[in-house]
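**Q** Fold the stuff below for me.
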Amino acid sequence: MLRKLATVIGAVVLSAGLAPPTALATTITLTNTVSADPANWTPTVRDSPAISNSAVYAVEQGGGTMFVGGHFDTVAAAKATTTIARRSLFSFDATTGAISGLSDSFDGDVWALAPSGTALYVGGTFRAVDGVSRRGLVKIDTTSGAVDTRFNGRLGGNVTQVRLVSGRLIVSGTFPGKIRALNPTTGADTGYITAPVTGTVASNAGPTEVYRFSVNPGGTQLVGIGNFTAVSGQHRMRAFMLDLGATSASLDPWYYQPLDNACQAAKLPDQLRDVDFAPSGAFFVLVATGYIPRAGGLNRDICDAAARFETSISNPTRPTWINYSGGDTFHSVAVSGKDVYVQGHFRYLDNPYGNNSCGLGCSPRSGIGDIDATTGKATSWNPGKDRGVGGKDLTVTSAGLWVGSDTVHIGGEKHQDLGFLPEP
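**A** Residues are numbered from 1 along each chain as shown. Here you go, the predicted model:
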């Protein structure tokens, strides 16, 4: 996921009752395309007898520390032969890779992270943390590791995205309401977002949810994706935009009508997988699964594809561009200036005429790639990685690109589930 938003400290004017100034989400522009050669100092996630299919679902930076969440119970320092027990969450130095003592234990997976000073907001599928009952969302002290018992969202469901925006903690997932803005100190619903998200795109699409969302750098617009058919009583299948005002959020007119169309994969009706705003806020990119488009849908329907949309165009008839894989899933996207980094279990980019094969003009890319933000075509950047199910998080920081995944190799080197590609 998610995404990728790096967290920085900023001054925020807050209304009465909200927390003290906290972190505001923003995206980062890198001048250069990141290196295809992974850094050698990063820690790794390891499989274990209890968890043989480990994966990283979330990577975020807070100050000089990296926080990593996912499905695992064992980590290790770079090139280490000994392992360290960490259940679903660990942290390490963003420069040296040294693993910290943070060792909270979760009884489920971690899907979302939002650091702020010495606090860390954690979302996921868990029900308890260190024996403290917290369904889907918890706030911990990153120095002591203690659960902040003053904070309790009482959501009653899973959380898959968390962001601090203008002094409010915006969370989304499967819980009632699907997206809320909480008080960062108490976890109480601020009432800022009152946009019911309802419906399901198909009977086999799973629970109604807002799976991921992205907020523009100015903190004024939010794009959410997931399984739903209506928002605030208005027709919105799979994606919506909210305008984030000073005192309340409201549904934006933006909608791409072809999102009503299903792709050819009958078992993947909820196809959108991630969204990320450009650092300028002028556009955002959606990525998807779903196999190939149905008849008549090529260059219109977002099926196993990445697609750019301009923020200022409320009812586009087509995306600015679509880059198809030709039948393989995209799971995550991160936009950084001229680069649109994508990850999944795809084998190709630039492949609108492919069907599980390399069609006319396709660009072979295994598991990870870079799309030119202007042309919509794959760049020459090609580190390659194991495909697996497909990595679910890409995070841009001021130093480069973090890759959260479910596989062992990237750039021809062994970096299980976590790799870092620095900016040259």
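**Q** pretty sure Glu423 is in contact with Gly400, am I right?
**A** Yes. Using C-beta atoms under 8 Å, Glu423 is in contact with Gly400, at 4.7 Å. From N, CA and C alone the C-beta is placed, and that goes for glycine too.
**Q** shared neighbours of those two, which are they?
**A** 30, 34-35 (C-beta atoms under 8 Å, 6 or more residues apart in numbering).
**Q** before we move on, the earlier item: out of Glu423 and Gly400, which sits in the more crowded spot?
**A** More crowded of Glu423 and Gly400, by other C-beta atoms under 10 Å: Gly400, with 21 against 17.
**Q** quick one: pLDDT of that one?
**A** With respect to pLDDT, Gly400 has a value of 97.
**Q** Residue numbering should commence at 40 henceforth.
**A** Right, with 40 as the first residue, what we last looked at is Gly439.
**Q** That one and Ser74: what is the separation?
**A** In this view, Gly439 and Ser74 are 7 Å apart by C-beta to C-beta, to the nearest Å.
**Q** so what sits against both of these two?
**A** 460-462.
**Q** The residues you listed into TSV, with extra columns for secondary structure?
**A** TSV is the format used below for the shared contacts of Gly439 and Ser74 (DSSP: H, G, I helix; E, B strand; the rest coil):
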residue	secondary structure
Leu460	strand
Pro461	strand
Glu462	coil
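**Q** quick one: which of the residues you listed is nearest to Trp420?
**A** Distance to Trp420 across the shared contacts of Gly439 and Ser74 (C-beta to C-beta) is lowest for Leu460, with 9.3 Å.
**Q** if you skip the residues just before and after it, what's nearest to the closest one?
**A** Spatial nearest neighbour of Leu460, excluding adjacent residues (C-beta to C-beta, 6 or more residues apart in numbering): Val73 at 4.2 Å.
**Q** So that neighbour lies in a strand, does it not?
**A** No. Val73 is assigned coil when assessed by three-state DSSP, not a strand.
**Q** ok, it to Tyr160 distance?
**A** For Val73 relative to Tyr160 (C-beta to C-beta), the value is 27 Å.
**Q** okay, those two: which has more neighbours?
**A** Taking neighbours as other C-beta under 10 Å, Val73 and Tyr160 compare with Tyr160 leading, 28 against 24.
**Q** ok, and the more buried one, which helix or strand is that part of?
**A** strand 158-163 (DSSP states H and E).
**Q** next one: Tyr250
**A** Assigned by DSSP H and E, Tyr250 belongs to strand 248-254.
**Q** wait, Asp445 sits on Gly430?
**A** Yes. Applying C-beta under 8 Å, one finds Asp445 in contact with Gly430, separated by 6.4 Å.
**Q** low-confidence ranges in the protein?
**A** The model of the chain has pLDDT under 70 over residues 40-65.
**Q** Counting neighbours, what do you get for Ser289?
**A** Neighbourhood size, Ser289 [other C-beta under 10 Å]: 12.
**Q** oh sorry, the question was meant for Pro463
**A** For Pro463, the count of nearby residues is 12 (other C-beta under 10 Å).
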